[in-house]
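**Student:** sharing a model that was predicted from the sequence below.
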Amino acid sequence: MQGVLTGFAVIAVVIGVGYVIGRAGHLGEHGREVLTKLAFHVASPALLFTTLARADLSVIFSSRLLVTALSTAAAAGVFVAAGVVRGWGVGRTTIGALCSSYVNSGNLGIPIAVYVLGDASLVAPVLLFQLLLLTPIALTILDLSGRDGEKGPLWRSLLTPLRNPIALGSLAGVAVSAAGVRVPAPVMDPVTLIGNMSVPAVLLAFGISLCGSTTPGRGPDRQLVLLSVALKAFGQPAAAWALAAGVFGLRGSSLLDVVVTSALPAAQNLFTYASRYGVGERLARDSILVSTVLSVPVLVVVAALLG
């Protein structure tokens, strides 16, 4: 249980610092926007490159990845179906679907994997799946839906992921890992240093965004927030447990691993994406906050029942 609480405590402190900075106005009225752009265009691509360049790509073919992919598709699919029926729009539906299924596998998943599961590499399948497949697809949809009906050559639409810095950083890291290339320290060290800014920048920007915000789950996005939080906190881990135990026959520590990773809350970088594209910002902020709070008791219960 200590690992769960430690991971959340670290995140809460940094978000709290961001809130204090925002209240004091130390970064000015554009501080959150600057931090968000820094994370999206520079720090996050660097972090993803260094992470994936050192990753073992053989985890792509594991049964844990299949459970992750299917449980993610189930949670996101429910939200997309609701968005289509209710007419929530492509952008808001995409952000909501991400908040329903995209787990915090980096800055929260890694410490919890270390303290609860005993192995940081256990978050690699979900991390790779999200970075290599889910993120490029979602950002491509956001890119195309934000063009206000602008039509262009087909090749330009198909190459949308390659113009996105997040996708570029991920693909470059995979290419280096797949080729077995060892990047020299004089090149990797500064990239690593820049990448280390990503998580603090995202958390600080998130904390600043809470200044003057209303109670989560209220306003025009109330239904979207409630649905995304319910799917993220309860639906996705339940689907992962059913698939892992009932379909793939996982037991013991393997079952615990996939359920714990699926029960992680929505990732903070989803707020960065929402801010970057100017859609669903309040939805992302409220969903991340509420799912993070709810994931504490959920992870404790999961660890107690399956640990």
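**Tutor:** Right, received. Where do you want to start? Residues are numbered from 1 along each chain as shown.
**Student:** just the residues contacting the strand or helix carrying residue 225, thanks.
**Tutor:** Assessed by DSSP states H and E, residue 225 sits inside helix 222-230. The contact list for helix 222-230, computed with Cβ atoms under 8 Å, 6 or more residues apart in numbering, reads 78-79, 82-83, 86, 88, 92, 96-97, 99-100, 216-217, 266, 280, 283, 286-287, 290-291, 294. Using the backbone N, CA and C atoms, a C-beta is placed for each residue, glycine as well.
**Student:** what subset of these is buried?
**Tutor:** Neighbour-count burial (16 or more other Cβ atoms under 10 Å) applied to the contacts of helix 222-230 gives 78-79, 82-83, 88, 92, 96-97, 99-100, 216-217, 266, 280, 283, 286-287, 290-291, 294.
**Student:** report the central residue of the protein.
**Tutor:** Centroid-nearest residue in the chain, with Cα atoms, centre = their mean: residue 267, separated by 3.4 Å.
**Student:** got phi/psi on that residue?
**Tutor:** phi -80, psi 140 (degrees, to the nearest 10).
**Student:** could you find the closest non-adjacent residue to it?
**Tutor:** residue 104 (4.2 Å; Cβ to Cβ, 6 or more residues apart in numbering).
**Student:** for the one you found, give its distance to residue 170.
**Tutor:** Distance of residue 104 to residue 170, given as Cβ to Cβ, to the nearest Å: 17 Å.
**Student:** any low-confidence regions in the stretch 51-200 of the chain?
**Tutor:** Along the stretch 51-200 of the chain, segments meeting pLDDT under 70 span 59-61, 106-108, 110-111, 114-116, 118-121, 147-163.
**Student:** all helices for it, in order.
**Tutor:** 63-86, 90-101, 109-112, 124-129, 135-145, 154-158, 165-179, 185-195, 198-209 (DSSP state H, counting those that start in this stretch).
**Student:** so which of the ones you listed is nearest residue 302?
**Tutor:** Ranking the helices of the stretch 51-200 of the chain by proximity to residue 302 (Cβ to Cβ) places helix 109-112 first, at 10.8 Å.
**Student:** circling back: so which bits of the helix holding residue 225 are buried?
**Tutor:** For helix 222-230, by 16+ other Cβ under 10 Å, it's 224, 225, 227, 228, 229, 230.
**Student:** chain center to stretch 91-99, what's the gap?
**Tutor:** 12 Å (Cα atoms, centre = their mean, to the nearest Å).
**Student:** quick one on the thing from earlier: for the buried residues of helix 222-230, which one is nearest residue 40?
**Tutor:** Among the buried residues of helix 222-230, and counting by Cβ to Cβ, the member closest to residue 40 is residue 228, at 21.2 Å.
**Student:** neighbours of the residue lying closest to residue 169 once chain neighbours are set aside, how many?
**Tutor:** Once flanking residues are discounted, residue 169 sits nearest to residue 45: 3.0 Å by Cβ to Cβ, 6+ apart. By the criterion of other Cβ atoms under 10 Å, residue 45 has 24 neighbours.
**Student:** dump the C-alpha coordinates for stretch 241-260 into PDB.
**Tutor:** Taking Å, rounded to 0.1, in the frame of the first residue of the first chain, the C-alpha atoms of stretch 241-260 are listed here in PDB:
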ATOM      1  CA  TRP A 241      -9.700  -8.300 -14.800                       C
ATOM      2  CA  ALA A 242     -12.400 -10.100 -16.900                       C
ATOM      3  CA  LEU A 243     -10.200 -10.400 -19.900                       C
ATOM      4  CA  ALA A 244      -7.000 -11.400 -18.100                       C
ATOM      5  CA  ALA A 245      -8.600 -14.000 -15.800                       C
ATOM      6  CA  GLY A 246     -11.500 -15.200 -18.100                       C
ATOM      7  CA  VAL A 247     -10.000 -15.100 -21.600                       C
ATOM      8  CA  PHE A 248      -6.200 -15.300 -21.200                       C
ATOM      9  CA  GLY A 249      -6.100 -17.300 -18.000                       C
ATOM     10  CA  LEU A 250      -3.700 -15.100 -16.100                       C
ATOM     11  CA  ARG A 251      -3.300 -15.700 -12.400                       C
ATOM     12  CA  GLY A 252      -1.300 -14.500  -9.500                       C
ATOM     13  CA  SER A 253       1.200 -11.700 -10.100                       C
ATOM     14  CA  SER A 254       0.500 -11.500 -13.800                       C
ATOM     15  CA  LEU A 255      -3.200 -10.900 -13.100                       C
ATOM     16  CA  LEU A 256      -2.300  -8.300 -10.500                       C
ATOM     17  CA  ASP A 257       0.100  -6.500 -12.900                       C
ATOM     18  CA  VAL A 258      -2.500  -5.900 -15.700                       C
ATOM     19  CA  VAL A 259      -5.300  -4.900 -13.300                       C
ATOM     20  CA  VAL A 260      -3.100  -2.500 -11.400                       C
END
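**Student:** okay then, goodbye and thanks.
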